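[1] Sharing a model prediction with you, sequence too.
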Amino acid sequence: MTPPMIELRGVSRRFEKTLDFAGRLAKRLGAPVREEVVHAVDGVDLSVHKGEVVGLVGESGCGKSTLGRMVAGIMPASDGQIFREGVEVNTLQGAEAKRVKLRTQMIFQDPYASLNPRLRVADIVGEAPLYHGLTDAAGQAAYVDNQMRRAGLDPAFKRRYPHQFSGGQRQRIGIARALAVQPDFLVCDEAVAALDVSIQAQVLNLFMELRAELNLTYLFISHDLSVVEHLSDRVVIMYLGRVVEEAPVAEVFARANHPYTQSLLAAVPRIEARKKAFTVVQGEIPSPLNPPPGCHFHPRCPFAMPRCSVERPVLREIAPRHRSACHLNDAA
Amino acid sequence: MSAAAEPVTPEPVAPRVETPLRRFISQFMESRIAVGALVVFTIIVLLAVFAPWITPQNPYDLFQLDIMDGRMEPGTVGGAGFTYWLGTDDQGRDMLSGIIYGLRISLIVGAGSAFIAGIIGASLGMLAAYAGGKTDTVIMRLVDLQLSFPTILAALMILAFLGKGISNVVIALVIVEWAYYARTVRGSALVERRREYVEAAQCLALPTWRIIFVHLLPNCLPPLIVIGTIQVARAIALEATLSFLGLGVPITEPSLGLLIANGYEYMLSGKYWISFYPGIALLITIVSINLVGDHLRDVLNPRLQK
Amino acid sequence: QREAGHMIMAVGAPVTSIDPHYHQLSPNNAVSDAIFDKLVNTDAQARQIPGLAVSWTAVAPTVWEFKLRPNVTFQNGNAFTAEDVVFTIERLPNVPNSPSSYAAYARPILRMEIVDPLTIRFHTREPYPLLPLDMTNVRILDKETSEGASTDDFNSLKVAFGTGPYRPTAYRNGDRIEFARNPTYWGPAPAFDRVTYRMITNDASRLASLLSGDVDSIDQVPTTDVARLRADPRVTLAEIVGLRLVFLGLDQLRTANESSPFITDNDGKPLGRNPLQDVRVRRALSIAIDRKAIVDRIMEGAATPAGQFLPPGTYSHVPDVTAPAYDPDGAKRLLAEAGYPNGFRIQLNGPNDRYINDSRIIQAIGQMWTRIGIRTAVEAQTWATFVGRAGRAEYSAFLIGWGSNPDGSHPLRNIMATVDRERGRGASNRGHYSNPQVDSLLDQALGELDEGKREQIEINAQRIVAQDVGIIPLHIQTNIWATRQGYIHEPRADELTRPQDVRPAPAR
Amino acid sequence: MTLYLIRRLFQALLVMLAMSLIVFIGVYGIGDPVEILISPDADQAERARAVAALGLDLPLWQQYGVFLVRALQGDLGRSFVYNVPALQLILQRMPATLELAVGATVLAIVVGLPLGLYAGLKPDSIGGRSIMAGSILGFSLPSFWVGLMLIMVFAVQLGWLPSTGRGTTVEILGSRWSFLTRDGLAHMIMPAMNLALFKISLVIRLTRAGVREAMLMDYVKFARAKGLTNSRVIFVHVFKNILIPVVTVTGLEFGSTIAFSVVTESIFAWPGMGKLIIDSINVLDRPVIVAYLMMIVFMFIIINLVVDLTYTILDPRVRLESKAI
Amino acid sequence: MNTLEVQGLRTHFHTRAGVVKAVDDVSFSIAKGQVLGLVGESGSGKTVTGFSLIGLVDPPGRIVEGSIKFQGRELVGMPEEEMRQLRGNRIAMVFQDPMMTLNPVLRIDTQMIETVQAHDNSSREVARQRSRDALGMVGIPSPDERLMSYPHQFSGGMRQRVAIAIALLHRPDLIIADEPTTALDVTIQGQILAEVQKLAATTGTSLLWITHDLSVVAGLADDIAVMYAGRIVEQGDVGEVLDAPLHPYTSGLLGSVPSRNARGVPLRQIPGMTPSLLSLPKGCTFRARCFQAGEDCLQEPPMDEALPGRFVRCVRPLRATVPTA
Ligand SMILES: Nc1ncnc2c1ncn2[C@@H]1O[C@H](COP(=O)(O)OP(=O)(O)OP(=O)(O)O)[C@@H](O)[C@H]1O
Ligand SMILES: Nc1ncnc2c1ncn2[C@@H]1O[C@H](COP(=O)(O)OP(=O)(O)OP(=O)(O)O)[C@@H](O)[C@H]1O
Ligand SMILES: [Mg+2]
Ligand SMILES: [Mg+2]
Ligand code: NI
């Protein structure tokens, strides 16, 4: 089997606030200061195969964006290894590293913040290809036109500035910008979350078309289960920095294993359900600053056992291509 | 079917291509006061630039001065044959020429110091924001140190140390002002840095310098421009105060502040014009700059934008 | 309004201490003069008059005898005797931290001899004619109270008891001193029960205070306002020709073949020689100055053009040396003779916060020199910066002033004598003028006890200096005080602003 | 809190150290204090004696070393000019400056806040616009000029107010204060006004900007949606939020007010620290300059501390530790 | 009598760029105890409608026409003071962003007690008691402690509950909820929706639930009103509208929802985008994006009762089209 497009092995990302001299002194004097560590991503194994669309779902702050950034190579991992088609990314140097980096591109959530307001569309889309020699100064205009057309934008508007476009169009500009460096892997971080349903549908369709047309691979990050369900082949569910469940999309929606996944699915309002009684996951999402010990979900879990608060459950295969991290599976 | 294949036409938001600059200009033009102030300020700058061709006298050339023409009232005809429309000072210096040349000095000092301080401050601020860590700490501690020290005292000490002279005044003002720029730029750079377009640029493997100067810096400019204008006005006023305190530009090349300080002693003796007209000129200059800066602040502040 | 018998006066220069031996400074001396007395006092024209000594004679070449005034008591009631004089002279060199002490006045004295409680003899090392003059600077303290007293004790008024007309009742640093009448004063009774002595350094503010009636008398009236004030019936001006000569120092340290630091040729290149060593150039620079114009236009009449240190009527004034006449053509001729037909460039330096109109004067001189072909740049600095550099002889030409004692030996010794560290000569000779003839005349004068002969020697020496144009004298300042209607101020040549000089105006 | 205090302390020490070193080098570079202080007719021997008496004959680094050692023992040296411990001199002069600065600050707030509030609530009204235009004037007028104009008009021409000085003072706890007597207050009005002018403008602008921003906030709209009266919305909800920047800036500005009193004090012959420092710089009275600067830095630290503490009271979101200064 | 009766409401913003017709001829009614879901895309005028109801449209906006009858009383043109007494009392509102709606510098108890006291003269104690009860009602544990906290000590979901508790303080007859769960996570949204459902069932309060999320409305509302470009284009019983939309826009909207479509198959999308409210095309505003638009759509379509209880603003309503499901 060919190596996966991207593979993460035990990848972690910590954000630390270390103490300076004054802080250490204060600590010695007994002041309640401490080094703060956020385990944004905590030992994640994940692989995405060529041509696959993997949906990454989880609630706010669970580390989805951080994971996406590491995959896209704009943030280094604190621990673990990231392989790109079997090659560890960190070992690459110079031009090769740059080439690999370009092959993964990211589409961002905020259509307003993700475009430099002071550049024209032509520059936003055309800057990187020119810089990386994918086109020359003479061919740049045509190149940009092509990219824009492919993202569903009229090239006539390339001399405009981002603020003159609507949200959906901006998202298309972002897509054109990413596609312009000819990637084969796109990380979409909440790429449609800020869009209205009707516009969201346009962009989702564009994604699907591009996938077919360019044989793209996606890591599709979203908190909207219905979007993920619609688009993905496989779903990965994160909770507080850890992957708790991973399975093909139908499997997840039909036979969710992890209690968190189950609650999540239950909490999502569905258009088919009229006047339904909303069910409730108890409790708040804990702070990643001091996550609960053991299984992160145990304080909110209806099935929590004593073991859950001490031991971290491992992600285990419970059915073919279906992995889950829950102690309940051991009991069964 | 394929909606993506047929390009979506953007709706005609504006009839013509609206650049940020044009939008900015049209918004700026909305305030009549600010436009008026800008016009006044432009006239002042032109006066200052073309001073040698406009003024009847070169007030810096001792040869053209005659103390026998000293302290003449406005409108007197002097020994050199032309009329002193705004009178003369104690050295027989034509006040009108003196004021126009003084404007020149004041503007050079104000704009020069703001410009240099802006460049230094902006570079350090960008560096602090982008490099972070120790660099950031060191630069910001320096900024704190500078800001925790009263401007006028610092300038006073520096000038006492460096001695008089236009360039020394500029140096002193740069030393006391760079920190404002550094802090402002760092603040906005930190905000801008977190925006996704910077991540996008990183993702596109663009080099760091390019991200800083092409992507980050232009977006940090608006607050910089605003404090720049305000600081020009402040620098002019500060220079005037320093000259008043006896430190500042050389006496033979008086700035507006020095002219005022000189004439100040004549206020009680009824020879108001020696101090009054330079005072008015200083006032108009600073007010017009401040008005422009003030409106710039409104126009460039995204939070107040409708 | 304030109560009767309370007068408020404002001075421009701050007093730094009440200790009369801490800091030689005019404002301090003025205040000390209200509280203390000297053996020899000076009148308004700076002539010596009896103070706590009623008479003094040189009983031998090296012995001065002073007869003390009887029945004088200090403000604390103690009687004044020769013991107090001895104590005072001995204290002079022993005031700690003094930045400018009075020790010099004790130095010529070898020992003191109390003949009786009201007679004291000073034995000097060498014949010393200036001892009475020195004694005009030494304020006598009460031995009992002041023994071991520090400057702090004076400032807190714990020991500030003199024999003078006013007694300090409060001292607020940098702000004011309050005085009360000394009822036991031996001289003419002080005019006011209470005097407030305020320090208002800003000229315009001080004048404004007078005009608004907040104070009754001010000193250092800005010349800019003199003309208007003369016409103002609410205000009386008191003017007197002072003892302070404002002059230009010229670099004579660099030899004829060295470049002077701020002189260049017309293209800005070093000249390779020092034109100021040529007396013709110095004279040219001097007669190129229109002193009358400066006095009229810049000083607004509040000065007298001068050619020497002392004004007419003072001891050792040279009668035949007058202010050099303005003669630009003559100046050009002299320059051409000296080999500078096209002049040269020079920078004229000066302070901007020290003498009346100092920076204006140098600008005006700049104009005048430029007219004879010497292109002059003018730079004014604060005194703090200026005086240090002038002292290191860094300037080529500079404006400075000198407030003389009324005795030609004083400026001669400090300014015109060849610089000599050992003998303490030429300490303020910043231009490094040097003429052996002048030096030897000065030596003679300082050993000559006969007043008449001494005056002649000093006149001769000063005449030589004038011929040499060792310095360029400009003018002697006029000291001006202003009072509100109802008060008069007796003006003093020595610039001191003393409470006892203000009196109610005689009813008209 | 401990951490915060430690940070502040370090910063203070560092600044003081840097400051004193700079002053030493600076004064050394400008000139020789003895040249200025000594009587002109002192001879060379007397000059040498004075130099030694003031300890200026040592090499600079030794002078600095001596200073540091003494400073650690709380002795900042004696003024060359006044022969008084420099610190004591400054403490003597401080009340005058303090009351002036406080007076100016109070004036600024009393005048500035209401005007700013009005201008912020009615930004487009004639009144609001005139207030803003006026505030630009306050920013622009050089304070020395205004000072003299005030004296000319109110003391000389109209005779309403005393021209200069402090007037009658009352002694409390060893320092003298003017604000407790009628006469003293009358003397304070003009200098305080002169000093306050800039701050009034500042407060107006801050308040106006704050109000305009706060009025757009959801919580203001929500407060109105709760049915609160307009006055409660403005004076509780908006006001408390704009107080934060106003307090911060006026607090921090308090330091520069003290510094700017240099100008005001010399015009109004106000015997405070500002006048002292100008005089001291003029005569290179190094111990006073150093002590003054140390005092200023110290005061800044205190002010910062107070501002930060006020901040935590006004804005519960702020924790001292997280403010990394 | 319906709790709320809105007839021909028009709210326009007169801006520099022109007149923004944010709400243009909107009519609907809510019966007692009923939940009306108001859905529409961003900028379609939902929020402005909500603010119009409680009289809090900011300038330059103004209700230019129409009538709002609340329990029979006309709100349009009602004096401000009377309106204020209704706000927060009989009509309450909950905003979209829980992070912004509570004043960050005031304690929760202050913000609650002032609401109580704004409408009756209860003592502080009584007001506090009622606040405590309200917090309990929305499921906030240990309300006593929570009352003493500041908003920043709460998570987003908690804050939104506090906001809801504030809305409930006076047991209003109408609550306008403007996307109160949009900013929250799914599980937290679930909690809030459950609470609201429970409350609606027990208190008999009428509810106007504004959202862009059709699924939420589907689960919560009795009736639904679909807004497009400032107008309501379709209105009726939730089930009927969602199952058999009459307006092409509603239909398109439903088609755009991913879960309504087969996985992996392209979504049925509406081409183009929402027109600017500044320059609305004449006639049917949806015309440009409508797949079946014709000449007759150039005429302004009236709001018709196409089926009993089903209102639609379209000249060519869809009839038998059954949505793909
Ligand atoms: N640069 C950073 N410094 C410190 N902490 C960070 C940083 N970036 C992210 N975090 C923290 O890491 C955790 C995960 O953040 P991340 O942005 O990956 O979450 P997310 O799942 O994308 O959330 P959302 O759905 O809100 O976008 C959060 O608690 C966040 O506060
Ligand atoms: N203060 C204002 N000035 C000018 N136009 C405004 C103002 N407030 C709202 N609008 C305009 O009114 C229209 C409707 O806005 P509204 O906030 O009601 O939309 P919405 O349906 O609530 O959208 P969202 O889902 O984004 O909250 C928008 O086009 C908006 O631009
Ligand atoms: Mg994210
Ligand atoms: Mg809305
Ligand atoms: Ni209208």
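    Happy to help now that I have it. These figures come from a predicted structure and were not determined experimentally. Ligands and ions are numbered 1, 2, ... in the order given.

[2] what's the spacing between residue D:192 and residue D:91?
    In this view, residue D:192 and residue D:91 are 21 Å apart by Cβ to Cβ, to the nearest Å. C-beta here means a position set from N, CA and C on the backbone, and glycine is covered the same way.

[3] Show me the residue of the stretch 101-250 of chain E that gets nearest to ligand 2, please.
    Ligand 2 sits closest to residue E:212 of the stretch 101-250 of chain E, with a gap of 5.3 Å, by Cβ to the nearest ligand atom.

[4] May I have the phi/psi pair for that residue?
    phi -110, psi 0 (degrees, to the nearest 10).

[5] okay, now it: neighbour count?
    For residue E:212, the count of nearby residues is 19 (other Cβ atoms under 10 Å in any protein chain shown).

[6] Surely it touches residue E:43?
    No. The criterion here is Cβ atoms under 8 Å, and residue E:212 misses it with residue E:43 at 10.2 Å.

[7] following the helix or strand residue C:167 falls within, which helix or strand comes up?
    Element membership for residue C:167 (DSSP states H and E) is strand C:166-172. Note on strand C:166-172: by DSSP H and E, the next helix or strand toward the C-terminus is strand C:176-181.

[8] could you check the angle strand C:166-172 makes with that next one?
    If you take axes from the mean of the first three to the mean of the last three Cα atoms, to 10 degrees, strand C:176-181 sits at 160 degrees to strand C:166-172.

[9] what helices or strands is the helix or strand that strand C:176-181 is followed by leaning on?
    Once strand C:176-181 ends, the next helix or strand along the chain (criterion: DSSP H and E) is strand C:194-199. If contacts are counted by 3 or more Cβ pairs under 8 Å, 6 or more residues apart in numbering or on different chains; DSSP states H and E, strand C:194-199 sits against strand C:6-11, helix C:26-35, strand C:176-181.

[10] Return the set of buried residues in the last one.
    Right, the one you point to is strand C:176-181. For strand C:176-181, the neighbour count (16 or more other Cβ atoms under 10 Å in any protein chain shown) marks C:176-181 as buried.

[11] so which of those comes closest to ligand 1?
    Among the buried residues of strand C:176-181, and counting by Cβ to the nearest ligand atom, the member closest to ligand 1 is residue C:176, at 61.5 Å.

[12] what residues are up against the residue nearest to that closest one when sequence neighbours are not counted?
    Nearest residue to residue C:176, sequence neighbours excluded (Cβ to Cβ, 6 or more residues apart in numbering or on different chains): residue C:198, at 4.6 Å. Taking Cβ atoms under 8 Å, 6 or more residues apart in numbering or on different chains, we find residue C:198 in contact with C:8-11, C:175-176, C:209, C:215, D:165, D:269.

[13] Ligand 5 versus residue C:198, what's the distance?
    According to Cβ to the ion, to the nearest Å, residue C:198 and ligand 5 sit 70 Å apart.

[14] Check that residue and give its pLDDT.
    Residue C:198 is assigned a pLDDT of 91 by the prediction.

[15] what about residue E:14, neighbour count?
    Residue E:14: 12 neighbours (other Cβ under 10 Å).

[16] That one - nearest residue in space that isn't next to it in sequence?
    Counting by Cβ to Cβ, 6+ apart, the residue nearest residue E:14 is residue E:60, at 4.7 Å.

[17] what does residue B:200 give?
    Using Cβ to Cβ, 6+ apart, the nearest residue to residue B:200 is residue A:114, at 5.8 Å.

[18] name the element residue 149 belongs to?
    Since no chain was named, I'll use chain A. Per DSSP H and E: helix A:140-150 holds residue A:149.

[19] What are the contacting residues of that helix?
    The contact list for helix A:140-150 (Cβ under 8 Å, 6+ apart) reads A:121-122, A:125-126, A:129-130, A:134-135, A:154-155, A:157-158, A:173, A:176-177, A:179-180, A:210, A:213, B:7.

[20] follow-up on the earlier one: which one of residue D:192 and residue D:91 is surrounded by more residues?
    Set residue D:192 next to residue D:91 and count neighbours by other Cβ under 10 Å: residue D:192 wins out with 26 against 15.

[21] what's the spacing between the more buried one and residue E:315?
    Distance from residue D:192 to residue E:315, by Cβ to Cβ: 74 Å.

[22] partner strands of the lengthiest strand in chain C, parallel or antiparallel?
    Determined from DSSP state E, the single longest strand within chain C is strand C:235-250. Strand C:235-250 has these partner strands in its sheet, going by DSSP bridges: strand C:397-403 (antiparallel), strand C:471-484 (antiparallel).

[23] Serialize those strands to CSV and add fields for mean neighbour count and mean pLDDT.
    Formatted as CSV, these follow (neighbours: other Cβ atoms under 10 Å in any protein chain shown; pLDDT from 0 to 100):
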stretch, mean neighbour count, mean pLDDT
strand C:397-403, 23, 94
strand C:471-484, 25, 95
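
[24] Show me the one of those that comes nearest ligand 2.
    strand C:471-484 (66.2 Å).

[25] which strands and helices sit next to the helix or strand following the closest one?
    For strand C:471-484, the succeeding helix or strand toward the C-terminus, using DSSP H and E, is strand C:487-489. Helices and strands touching strand C:487-489, as assessed by 3+ Cβ pairs under 8 Å, 6+ apart, comprise strand C:235-250, strand C:471-484, strand C:502-504.

[26] For residue A:88, give me phi and psi.
    phi -70, psi 130.

[27] Look at the closest residue to it other than its chain neighbours and report its pLDDT.
    Nearest residue to residue A:88, sequence neighbours excluded (Cβ to Cβ, 6+ apart): residue A:81, at 5.4 Å. pLDDT, residue A:81: 91.

[28] Counting by contacts, list what the strand or helix carrying residue A:81 packs against.
    In the assignment (DSSP H and E), residue A:81 maps to strand A:79-84. Counting by 3+ Cβ pairs under 8 Å, 6+ apart, the packing neighbours recorded for strand A:79-84 are strand A:6-17, strand A:36-48.

[29] Kindly recompute the last result at 7 Å.
    Judged by 3 or more Cβ pairs under 7 Å, 6 or more residues apart in numbering or on different chains; DSSP states H and E, the packing partners of strand A:79-84 are strand A:6-17.

[30] rewinding a little: ok, of the contacts of helix A:140-150, which come out buried?
    Burial by neighbour count, judged by 16+ other Cβ under 10 Å, picks out A:121-122, A:125-126, A:129-130, A:134-135, A:155, A:157-158, A:173, A:176-177, A:179-180, A:210, B:7 from the contacts of helix A:140-150.

[31] which residue ranges form the strands in chain A?
    A:6-17, A:36-48, A:53-57, A:79-84, A:87-88, A:104-107, A:185-189, A:217-222, A:234-239, A:242-248, A:316-319, A:322-324.
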